[in-house]
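Colleague: Predicted structure and sequence below. I'll ask about it afterward.
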Amino acid sequence: MRYRIERYQDRQGNVPFTDWITRLRKKQRQAAAKIDNQIDRAEAGNFGDHKFARDGVWEMRINFGTGYRIYYAVEGEEIVILLLGGDKKTQDKDIDKAIEYLQDYKARKPNENEQN
């Protein structure tokens, strides 16, 4: 099963996952490449080393360097929303922030039953 990958965007237009991976690319190109590869695999339905965190947020673990994490949610049966990235040492704080982002996403998501 293929998934469509989307990145969470806050009310101000910031995209936390993109901000994080951009900073990482400047410092750790090899780690960023491994994360990009994992996202490609997730898009194809292979989430690799992953587990449910809580409150709708999942964690993909990248076993490289400082133990990078991708925090995401699955929307319906076909969309993966990338919420945030981090590493093992910031895991608890990152999960809390990812939950906050997911709640914001759901609150602003257009009602699927509304017609445009």
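Modeller: Yep, that arrived. Not measured: the values here are computed from a predicted model.
Colleague: Please count neighbours and contacts with C-alpha atoms only from this point.
Modeller: Will do.
Colleague: Any regions of the chain where pLDDT drops low?
Modeller: Applying pLDDT under 70 to the chain flags residues 110-116.
Colleague: Contacts only, for the residue most central in space within the chain.
Modeller: The centroid of the chain falls nearest to L82 when counting by C-alpha atoms, centre = their mean (2.5 Å). By C-alpha atoms under 8 Å, 6 or more residues apart in numbering, the contact list for L82 reads I5, E6, R7, Y8, F17, I70, Y71, Y72, A73.
Colleague: at 6 Å instead, please
Modeller: Residues in contact with L82 (C-alpha atoms under 6 Å, 6 or more residues apart in numbering) are R7, Y8, Y72.
Colleague: Now, those residues that are in strands?
Modeller: R7, Y72 (DSSP state E).
Colleague: Is there a quick ChimeraX command that grabs whichever of the contacts of L82 are buried?
Modeller: Only the buried entries of the contacts of L82 go into this ChimeraX selection, using 16 or more other C-alpha atoms under 10 Å:
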select :8,72
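Colleague: other SSEs contacting the helix or strand hosting A107?
Modeller: Using DSSP states H and E, A107 sits within helix 91-108. The helices and strands touching helix 91-108, judged by 3 or more C-alpha pairs under 6 Å, 6 or more residues apart in numbering; DSSP states H and E, number zero.
Colleague: Send me that helix as CSV with only the CA atoms.
Modeller: The C-alpha coordinates for helix 91-108 follow below in CSV (Å, rounded to 0.1, in the frame of the first residue of the first chain):
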residue,chain,number,x,y,z
GLN,A,91,12.2,12.4,22.7
ASP,A,92,9.8,13.2,25.5
LYS,A,93,9.6,16.9,24.6
ASP,A,94,9.3,16.1,20.9
ILE,A,95,6.4,13.7,21.5
ASP,A,96,4.6,16.3,23.5
LYS,A,97,5.2,18.9,20.7
ALA,A,98,4.1,16.4,18.0
ILE,A,99,0.8,15.8,19.9
GLU,A,100,0.3,19.5,20.1
TYR,A,101,0.8,19.8,16.3
LEU,A,102,-1.5,16.9,15.6
GLN,A,103,-4.3,18.4,17.7
ASP,A,104,-3.8,21.7,15.8
TYR,A,105,-3.9,19.9,12.5
LYS,A,106,-7.1,18.1,13.4
ALA,A,107,-8.8,21.3,14.7
ARG,A,108,-8.0,23.1,11.5
